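> I'd like to go over a predicted model; first the sequence, then the structure.
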2 protein chains.
Amino acid sequence: MVTLADVAQHAGVSASTVSYVLSGKRTISALTRERVERSITELGYHPNAGARALASNRSNIIALMMPLRMDMYLPVMTEIAIAIATHARAHGFDVLMLTSEEGPEAVHRVVGSGLADAIILMDVELDDARLPLLRESGRPAVLIGLPATTTGLTCVDLDFTATGALCAEHLAGLGHREIAVIGEAPAVYERRTGFAERTIDGLRTRARALGLQVLHRPCEGNYAAMAGALAQIFSERPDVTGFVVQNETAVEPLLGLLRQHRRAVPEDISVVAICPEQVAVHASVRLTSVAIPARDMARHAVEQVVAKIEGRAGDEVVLLEPELTVRASSGPAPAPAA
Amino acid sequence: MVTLADVAQHAGVSASTVSYVLSGKRTISALTRERVERSITELGYHPNAGARALASNRSNIIALMMPLRMDMYLPVMTEIAIAIATHARAHGFDVLMLTSEEGPEAVHRVVGSGLADAIILMDVELDDARLPLLRESGRPAVLIGLPATTTGLTCVDLDFTATGALCAEHLAGLGHREIAVIGEAPAVYERRTGFAERTIDGLRTRARALGLQVLHRPCEGNYAAMAGALAQIFSERPDVTGFVVQNETAVEPLLGLLRQHRRAVPEDISVVAICPEQVAVHASVRLTSVAIPARDMARHAVEQVVAKIEGRAGDEVVLLEPELTVRASSGPAPAPAA
DNA sequence: GTGAAAGCGCTAACAG
DNA sequence: CTGTTAGCGCTTTCAC
């Protein structure tokens, strides 16, 4: 193994000089710098991560705690995770993957051992068991999601309240008077993951202001569950002309079933989805949607966490503005069947 | 920060004793062990990862290189990644997430710096640019997937050749004479990811032996592409009665379109999918399928890699036996339309 | 602009 | 069964 000392000897300088060439923490003459750099490449030197972590008290690793749950539409989680890894690399950090299976314990382990300089938590619940540990650990942390109390924590999330409101507005603006919301699986609400509740709250509040009737149905994302929910909605509220879907896996079942019910989209029924762009664009009907900005969330999370590691940031709540893109699935409400 | 020395002092023993209590590498009297363990919990001691890595030359980290590509059905990749993380933890390892964006470079960086003790590569191509680097690095590595040459490497994968054969057999056994294969997106074949080619090869070989006609169509996983492919298949080969699908995202489009074409599944058309169990079970028709054993692959990969790190294993190619589960989407071939 | 040297916290001989 | 001690490879004062 090539060590820093080897490089120093090969270049005819001291160890500290090599170190400073690497870190750029003091000015080096062009000549020495060049010599050192040549030696580095010639010898194929790679600084030892462990030694560096020990001496500098920094691992240059960010831990990312991902959910295991299968009810949390994995593609979004995955996209966020990949984007986090990519951005972290751009800041010189690697990403350590933790699963929520290990539970709050993992926070201790990783942060206590200095394995990671900071933690990013995904899929945060309103009253998350990991938060007390995090706060007392004092380590930099960023949450993706919004817990009940955010004091002492930095959080990044889509503004789901505004998202719900935006959907209500869009449908009301098109003349719809009665709409149904296909929500996440019941388990998501029971777990109190926040975003689902905030969406429906935001939607209801705005709907009330706009004189829009709202029926909310949590729903598993499969054909059978969707078929049941839909049948019930149409029997209870035959005048529903608009749907808001906040469950990516329910999108296709819904569209397929509407076809079976002989309801044309958007002529008879308008559909607005809250989902990743990709799902909206590739669905059997191009969906009017509010995008879940996975990349943006990842970018903000990494920037916040890096800023905290470097001591240049405090706690902050970053709520991303929702954007609704009109596509082929929404249109004017049909004239009431005389 | 609490150090090992602090614990030693508090327990009234030497540093090495504490170290050995932790590692179990030598026998310790019950009394001392207990005293040390008490001190550890009382002081809230966590061994410093960097120091440990430096002294022991082991980081207890496994690097996992994941694909970024969006054409690679992410849920399977994610499931594998999560399962790898879980199993790795069970062996005392953490998992560092690398994206393939960094390219072969990342192999150098992570392995050269001693950041990771080993690497697991996902989404390996037949002639993968990362392999030469890996081989010469000499670090333990396991591939998920099967490259063209496996010398000096351990590989874990589903036996896709056998998988293709199994699908052909199942349909032939039901009396089908002419089948179509809906393959992965063209890009997947162009990239030469191996598994797609092996599947079709295995299927063709067995089909020939069984007197089965095969039409193969690579296909993007969306409605539009699927609609085009399907129309063409039915016009070129009106007598096709069986489909094999190896593209998870094409499953629902195919089923939806078959309905639109008024072909009943399985009465008119049988469908066999090569996909994760979850997709097969939750599809609008419960699909006869060969499962992609994400968890098993992850388990084998971790076991192999840990064995290699500990020097108790050589290179090996582990091919998992495919299993076909009959569900509602396949049945006897319809009698030829007189 | 550069060197020398003191650790960082832990492991693993070596010594008893 | 336990203690002593010499590093592991790097960063960072302190000194020039």
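That came through, no problem. From a predicted model like this one, the values you see are computed outputs, not experimental measurements.
> okay, helices next: where are they in the stretch 51-200 of chain A?
Taking DSSP state H, counting those that start in this stretch as the criterion, the stretch 51-200 of chain A carries its helices at A:74-90, A:104-112, A:130-137, A:160-173, A:186-190, A:195-210.
> which one, of the ones you listed, ends up nearest to DNA strand C?
Evaluated with CB to the nearest atom of the strand, the helices of the stretch 51-200 of chain A place helix A:104-112 nearest to DNA strand C, the distance being 10.0 Å. To be clear about C-beta, it is placed using only N, CA and C from the backbone, and glycine gets the same treatment.
> adding mean neighbour count and mean pLDDT, write the helices of the stretch 51-200 of chain A out as TSV.
Below are the helices of the stretch 51-200 of chain A laid out as TSV (neighbours: other CB atoms under 10 Å in any protein chain shown; pLDDT from 0 to 100):
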stretch	mean neighbour count	mean pLDDT
helix A:74-90	22	92
helix A:104-112	20	92
helix A:130-137	17	90
helix A:160-173	23	98
helix A:186-190	15	90
helix A:195-210	19	97
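> JSON lines for the ones you listed, including distance to residue A:50?
Shown next, in JSON lines, are the helices of the stretch 51-200 of chain A (distance: least, CB to CB, whole Å):
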{"stretch": "helix A:74-90", "distance to residue A:50": "19"}
{"stretch": "helix A:104-112", "distance to residue A:50": "16"}
{"stretch": "helix A:130-137", "distance to residue A:50": "22"}
{"stretch": "helix A:160-173", "distance to residue A:50": "42"}
{"stretch": "helix A:186-190", "distance to residue A:50": "41"}
{"stretch": "helix A:195-210", "distance to residue A:50": "39"}
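> may I see the ones you listed organised as a markdown table, with distance to DNA strand D added?
Compiled in a markdown table, the helices of the stretch 51-200 of chain A are given as follows (distance: least, CB to the nearest atom of the strand, whole Å):
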| stretch | distance to DNA strand D |
| --- | --- |
| helix A:74-90 | 18 |
| helix A:104-112 | 19 |
| helix A:130-137 | 22 |
| helix A:160-173 | 41 |
| helix A:186-190 | 44 |
| helix A:195-210 | 40 |
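> and for residue A:191, the neighbour number?
Number of residues near residue A:191 (other CB atoms under 10 Å in any protein chain shown) recorded here: 17.
> meant to ask about residue A:94
The burial count assigned to residue A:94 is 24, neighbours taken as other CB under 10 Å.
> ranges for the strands of the stretch 151-300 of chain A?
Ranges of strands within the stretch 151-300 of chain A are A:154-158, A:178-183, A:213-218, A:242-245, A:270-275, A:288-291, based on DSSP state E, counting those that start in this stretch.
> closest to residue B:161 out of these?
Using CB to CB as the measure, strand A:270-275 is the one of these that comes nearest residue B:161, at 37.1 Å.
> who's in contact with the closest one?
By CB atoms under 8 Å, 6 or more residues apart in numbering or on different chains, the list of residues contacting strand A:270-275 from outside reads A:163, A:167, A:170-171, A:174, A:176, A:199, A:241-246, A:248, A:251, A:254-255, A:258, A:265, A:279-280, A:283, A:285, A:287-292, A:324, A:329-331, A:333.
> the residue nearest to residue A:15 when sequence neighbours are not counted in helix, strand or coil?
The shortest distance from residue A:15 to any residue other than its chain neighbours is 4.6 Å, reached at residue A:8 (CB to CB, 6 or more residues apart in numbering or on different chains). Under DSSP: H, G, I helix; E, B strand; the rest coil, the three-state class of residue A:8 is helix.
> how many neighbouring residues does residue A:8 have?
Other residues within reach of residue A:8 by the criterion other CB under 10 Å amount to 19.
> so who does it touch?
Taking CB under 8 Å, 6+ apart as the criterion, residue A:8 is in contact with A:14-15, A:17-18.
> out of those, which are buried?
A:17-18 (16 or more other CB atoms under 10 Å in any protein chain shown).
> for the nearest residue to residue A:249 once chain neighbours are set aside, grab phi and psi.
The spatially closest residue to residue A:249, leaving aside those adjacent along the chain, is residue A:221, at 2.7 Å (CB to CB, 6+ apart). Summarising the backbone geometry of residue A:221 under the convention degrees, to the nearest 10, its torsions are phi -90, psi 50.
> from residue A:5, how far off is the closest residue to DNA strand C within the stretch 51-200 of chain A?
Closest contact between the stretch 51-200 of chain A and DNA strand C, by CB to the nearest atom of the strand, is at residue A:55 (3.5 Å). Remark: distance between residue A:55 and residue A:5 (CB to CB, to the nearest Å) = 14 Å.
> ok so, going back, I'd like the strands of the stretch 151-300 of chain A laid out as TSV, including distance to residue A:96, mean neighbour count and mean pLDDT.
Shown next, in TSV, are the strands of the stretch 151-300 of chain A (distance: least, CB to CB, whole Å; neighbours: other CB atoms under 10 Å in any protein chain shown; pLDDT from 0 to 100):
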stretch	distance to residue A:96	mean neighbour count	mean pLDDT
strand A:154-158	19	23	97
strand A:178-183	33	24	97
strand A:213-218	34	18	97
strand A:242-245	35	28	98
strand A:270-275	29	27	98
strand A:288-291	28	24	98
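> closest to residue B:144 out of these?
Of all the strands of the stretch 151-300 of chain A, it is strand A:270-275 that lies closest to residue B:144, at 29.0 Å by CB to CB.
> adjacent strands (with direction) for that closest one?
When pairing is defined by DSSP bridges, strand A:270-275 lines up against strand A:242-245 (parallel), strand A:288-291 (parallel).
> how about residues contacting the first one?
So that's strand A:242-245. A:164, A:167-168, A:171, A:174, A:176, A:178-182, A:203, A:251, A:254, A:269-275, A:330, A:333.
> that older thread, the residue of the stretch 51-200 of chain A closest to DNA strand C: how many residues sit nearby?
Neighbours of residue A:55 using other CB under 10 Å come to 13.
> can you pull the contacts of it?
Residue A:55 makes no contacts at all, as judged by CB under 8 Å, 6+ apart.
> distance check, residue A:284 against residue A:210.
For residue A:284, the distance to residue A:210 (CB to CB) stands at 29 Å.
> and stretch A:125-135, how far apart are its ends?
The first and final residues of stretch A:125-135 sit 15 Å from each other (CA to CA, to the nearest Å).
> how distant is that stretch from the center of its chain?
Relative to its parent chain, stretch A:125-135 has a centroid offset of 17 Å by CA atoms, centre = their mean, to the nearest Å.
> again with stretch A:240-255
Its chain's C-alpha centre lies 21 Å from the corresponding centre of stretch A:240-255 when counted by CA atoms, centre = their mean.
> same deal with stretch A:142-149?
Distance of stretch A:142-149 from its chain centroid, counting by CA atoms, centre = their mean, is 11 Å.
> how about it and chain B, any contact?
No. Looking at stretch A:142-149 against chain B by CB under 8 Å from any CB of the partner chain, there are no contacts, and the closest approach is 15.5 Å.
> about what we covered before: adding distance to chain B, write the helices of the stretch 51-200 of chain A out as JSON lines.
Written out in JSON lines, the entries for the helices of the stretch 51-200 of chain A read as follows (distance: least, CB to the nearest CB, whole Å):
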{"stretch": "helix A:74-90", "distance to chain B": "5"}
{"stretch": "helix A:104-112", "distance to chain B": "3"}
{"stretch": "helix A:130-137", "distance to chain B": "11"}
{"stretch": "helix A:160-173", "distance to chain B": "23"}
{"stretch": "helix A:186-190", "distance to chain B": "15"}
{"stretch": "helix A:195-210", "distance to chain B": "20"}
